[in-house]
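Peer 1: Fold the stuff below for me.
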Amino acid sequence: MPLRPGSAAPRPDIRPLALHPLALHPLALRRLASRRPAPHRTAARRRLALAGAALLAVTGLAPQAAAAPDGSGGSGERASDGRLSAVVRYTEYGIPHILAGDYAGLGFGTGWAQAADQVCVLADGFATVRGERSRWFGPDAAPDGSLSSAATNLSSDLYFRGVQDSGTVERLLAAPAPAGPSSQVRELMRGWAAGWNAWLRQNRITDPACKDAGWVGPVTELDVARRGFAISVLGGQGRAVDGITAARPPGPTAAPPSAGDTPPGDLAAAAEAAREFFDTGRYDRGSNAVAFSGATSATGSGLLLGNPHYPWQGGRRFWQSQQTIPGEIDVSGGSLLGTTAVNIGFNDRVAWSHTVATGTPVALHQLTLDPADPTAYVVDGTAERMTARTVTVPGPAGSAPVTRTQWWTRYGPVLTSLGPGLPLPWTTTTAYALGDPNAQNLRGTDTALALGKARSVAGIQQALAHTQGLPWVNTVAADAAGGTLFTQSQVLPRITDELAATCSTPLGRATYPASGLAVLDGSRSACAPGSDPDAVQPGVFGPARTPTLRDAPYAENSNDSAWLANADRPLTGYERVWGTVGTPRSLRTRGAVEDVAALAARGRLTVADLQEQQFAHRVPAGDLAAADAARACAALPGGTAVAADGSVVDVSAACPVLAGWDRRADTGSRGALLFDRFWRRLTATTPVKDLWRVPFSAADPVRTPRDLNTSAPGVARALADTVVELRTAGIPLDAPLGEHQFVVRGGQRLPIGGGTEALGVWNKIEAPWNPAGGGYPQVTHGSSHIQAVGWDGSRCPVARTLLTYGQSADPASPHSADQTRLFSQERWVRARYCERDILTSPGLRVVVVRRGAARG
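Peer 2: You can find the predicted model right below:
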């Protein structure tokens, strides 16, 4: 049932049930038995088991994007494919609770259920990792960006065909654990592929995005692993795909570069380009998360609010489930599509979330080339030949395939750019290679499994230390005993400040302080990243070097560095590659720290307080600047300002709107849209040093910089341009935000609260401006799988969740927009974790998925 913050859960609707062969399914009874109830509860639990047996009689169809071949609407009750099996219990909003007897069965049920909800999006991703996008969608079209930053399908295919042809993922799969994936993860992947294939065989796809498409088909365990690899390198090779696939050695007639170092002006530009490239505030993925200790809560247990900011469309969406093997693992939460385990979530003792981290996950190695051969480079005085990887990509029917060569070194691939702003030219004397340690990391699913099994924040730390599989995120956690944790346990190249000082090239001396991007002298083997004794792979930091905060009253992160995870207990002493210390924080971090510190100081917190924080919609930029902007507006001579085109604009009507705005981004907030458009313009054209009268101070990082510099010429100009823009679009200056920030689902406008990164709103929402469409008519990314979790002393966690865009991408599915409607109304889903909660769901539907005799 959807719940507002603080509302009581309604009594479940338990209706008479008919008996069915599934009524005594042993997996459900094993899960009940594994709970080990207290003696005085044994009789009650036995009665619950009997009730569960009866409730399991409710069989029905899973939420589907397909119909059965016979037109009956789907097989639903039984999907047969070998000896693998799982029971999938669907509760409200199409959330599956997957129950299996082993890891292969758990993967089978998960693959089956993900296919039912997201067949087209997932199939699109498999076409990506197989290097088949050019064949199916044309070489010049753009991918959705979910599995790499490739600008075109051809660039994407060249990269992923190279991964495939080189056997990279096969080598990682063959590595023994913990360096490689465990047998449990291998079984999960095998089962997931079999579950996907079983669903495809028994259902006809009706989703128009891929109905009758030739690019939808069976997958293998290796396909699932390749998708996992793509997610692992998203922050490294995945962001450099275009530079890798475009790299070509200079021809024999190429002119040598001019003598001397790179000009200082170019170095300054390179440093700024690197800073922007690795700025987590610019990513299309981000997050907030906060853990509160038992000392701040009403029950003495910890509390966790997780709020990832991810795309609302495409293959980087979350999908919600509960995964259970009785006596082995029982975890509920969100998974990135195509992954086989819960990535962020909770169990009965601990809850955790991730935030995109500031660690720079790659290093560049500047190569000194052999004067006689630009495809050979010198290390310790000896020339080494690059490895040429010739890759062929099939094109659309009737077109010739494309063949290109990629060049690899001991450090990694040669590349000619890192993003659009940082060219890395391959000349006759110099080239650059990308070192990405996550290209040797296929451990992410083992990390997810270990987190799901943890029983405390100490167990979370141990899981991270043992598996070391997180490529680009922090972890924030709380437990039922009242503990909290922040840790930046991500896989990073072991670049110490000492190594950077000793081995940086001139380019590296500019980029490393600015962004953490080391550019190391590749001609000296001593300049390669070192290894820590507690690291599971060479060339990375071990867990002992990780910035970590334990058992603080609160631990919070909003994509800035670890420094202010708790403003009263700042973390320092880590290497620059992890992030910065003593530097300005984003407005979202500043607002979040203010909010959560005040909550912690108030104390007696409950899950309802977390729910209220999610939708508080306070606009930190508004608190800092709206009053000053309103006064500056009112002081303009004649109530006019000069726009960017030189026209004189009457802005007097905007002044009282800014003054009267409630400084929130609620759907009903009048003035929020006016300030949003004004603030975006002002911050895009005015340097930070000119924006504020009180500059940043490391001694007061949460409250500085502050006080809008109203004498800056950009203030009046931005106000004039904003008034012109809104009037031209026919939008009143005092229009409620929700009338112009919305999504359309099923022909219905759903107003959306929240705001953009520049405003600093916790509930981050990013939407492209489209005045002809009404303002912000489509959310592209922002709040996604939200969870508010605590414990009250019972055996079941107290959890409320929201998957803002729903479980299914098929517009015909009842679960493509149901949770979006809840999000629009600021309502929540009561999480059904314990067996009694699942079995008393009014919408309970049970599907048994099995395999036949053949092994897949």
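
Peer 1: make it CA atoms for all contacts and neighbour counts henceforth
Peer 2: Fine.

Peer 1: can you pull the pLDDT of residue 83?
Peer 2: Residue 83 is assigned a predicted lDDT (pLDDT) of 82.

Peer 1: what are the bridge partners for it, then?
Peer 2: The bridge-partner assignment for residue 83, based on DSSP bridges, gives residue 81.

Peer 1: Any regions of the chain where pLDDT drops low?
Peer 2: Low-confidence segments of the chain (pLDDT under 70): 1-82, 254-265, 283-285, 852-856.

Peer 1: could you redo the last one with a cut-off of 80?
Peer 2: Scanning the chain with the threshold set as pLDDT under 80 gives 1-82, 252-265, 281-285, 851-856.

Peer 1: list the buried ones in stretch 775-792?
Peer 2: 775-779, 781-792 (16 or more other Cα atoms under 10 Å).

Peer 1: Could you check how far residue 152 is from residue 245?
Peer 2: 11 Å (Cα to Cα, to the nearest Å).

Peer 1: I meant residue 308, not that one.
Peer 2: 31 Å.

Peer 1: Now the phi/psi pair for residue 291, please.
Peer 2: Note on residue 291: its backbone torsions stand at phi -120, psi 130 [degrees, to the nearest 10].

Peer 1: what about residue 152 and residue 245, which has more around it?
Peer 2: Neighbour comparison, residue 152 and residue 245: the larger count goes to residue 245, with 25 against 19 (by other Cα atoms under 10 Å).

Peer 1: my guess is the more buried one meets residue 158, correct?
Peer 2: Yes: in this structure residue 245 lies within contact range of residue 158 using Cα atoms under 8 Å: 6.4 Å.

Peer 1: Any chance you could list residues touching both of those two?
Peer 2: Common neighbours of residue 245 and residue 158, counting by Cα atoms under 8 Å, 6 or more residues apart in numbering, are residue 404.

Peer 1: For the stretch 701-850 of the chain, which segments are assigned as helices?
Peer 2: Taking DSSP state H, counting those that start in this stretch as the test, the helices found in the stretch 701-850 of the chain are 713-728, 818-824, 835-839.

Peer 1: Select, out of the ones you listed, the one closest to residue 320.
Peer 2: helix 818-824 (11.6 Å; Cα to Cα).

Peer 1: which residues sit against that closest one?
Peer 2: With Cα under 8 Å, 6+ apart, helix 818-824 has contacts from 2, 93, 750, 751, 752, 753, 802, 803, 804, 805, 806, 828.

Peer 1: count of neighbours near the third one?
Peer 2: The one in question is residue 750. Around residue 750 there are 23 other residues, counting by other Cα under 10 Å.

Peer 1: what do you get for the fifth one?
Peer 2: When neighbours are counted by other Cα under 10 Å, residue 752 registers 28.

Peer 1: same check, this time on the fourth one
Peer 2: Counted with other Cα under 10 Å, the neighbours of residue 751 add up to 23.

Peer 1: Hmm, residue 738 and it touching each other?
Peer 2: Yes: counting by Cα under 8 Å, residue 738 is a contact partner of residue 751 at 4.4 Å.

Peer 1: I'd like the distance between the residue in the chain sticking out farthest from the centre and residue 647.
Peer 2: The centre of the chain is farthest from one residue, residue 638, which by Cα atoms, centre = their mean lies 48.7 Å away. Residue 638 sits at a distance of 14 Å from residue 647 (criterion: Cα to Cα).

Peer 1: before we move on, what about residue 183?
Peer 2: Counting by Cα to Cα, the gap from residue 183 to residue 647 is 69 Å.

Peer 1: Which parts of the stretch 451-600 of the chain are helices?
Peer 2: With DSSP H, counting those that start in this stretch as the criterion, the stretch 451-600 of the chain has helices spanning 457-467, 497-503, 506-515, 587-602.

Peer 1: export those to JSON lines and tack on distance to residue 694?
Peer 2: What follows is these, written out as JSON lines (distance: least, Cα to Cα, whole Å):
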{"stretch": "helix 457-467", "distance to residue 694": "39"}
{"stretch": "helix 497-503", "distance to residue 694": "31"}
{"stretch": "helix 506-515", "distance to residue 694": "23"}
{"stretch": "helix 587-602", "distance to residue 694": "15"}
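
Peer 1: Which one, of those, ends up nearest to residue 278?
Peer 2: helix 506-515 (6.5 Å).

Peer 1: C-alpha coordinates for the closest one, PDB please?
Peer 2: This file holds the C-alpha atoms of helix 506-515, laid out as PDB (Å, rounded to 0.1, in the frame of the first residue of the first chain):
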ATOM      1  CA  PRO A 506      54.200  18.300 -17.100                       C
ATOM      2  CA  LEU A 507      50.700  17.400 -18.100                       C
ATOM      3  CA  GLY A 508      50.200  15.400 -14.900                       C
ATOM      4  CA  ARG A 509      51.600  18.100 -12.700                       C
ATOM      5  CA  ALA A 510      48.600  20.200 -14.000                       C
ATOM      6  CA  THR A 511      45.900  17.600 -14.000                       C
ATOM      7  CA  TYR A 512      46.600  15.700 -10.800                       C
ATOM      8  CA  PRO A 513      46.000  18.600  -8.300                       C
ATOM      9  CA  ALA A 514      43.000  19.700 -10.300                       C
ATOM     10  CA  SER A 515      41.200  16.400 -10.700                       C
END
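
Peer 1: Are there helices or strands packed against the longest helix seen in the chain, and which ones?
Peer 2: Counting residues, the longest helix in the chain under DSSP state H turns out to be helix 103-129. Judged by 3 or more Cα pairs under 8 Å, 6 or more residues apart in numbering; DSSP states H and E, the packing partners of helix 103-129 are strand 85-91, strand 95-99, helix 153-166, helix 183-202, helix 221-232, strand 318-325, strand 845-850.

Peer 1: Tell me how far the shortest one lies from the chain's centre.
Peer 2: A distance of 22 Å separates the centroid of the chain from that of strand 95-99, by Cα atoms, centre = their mean, to the nearest Å.
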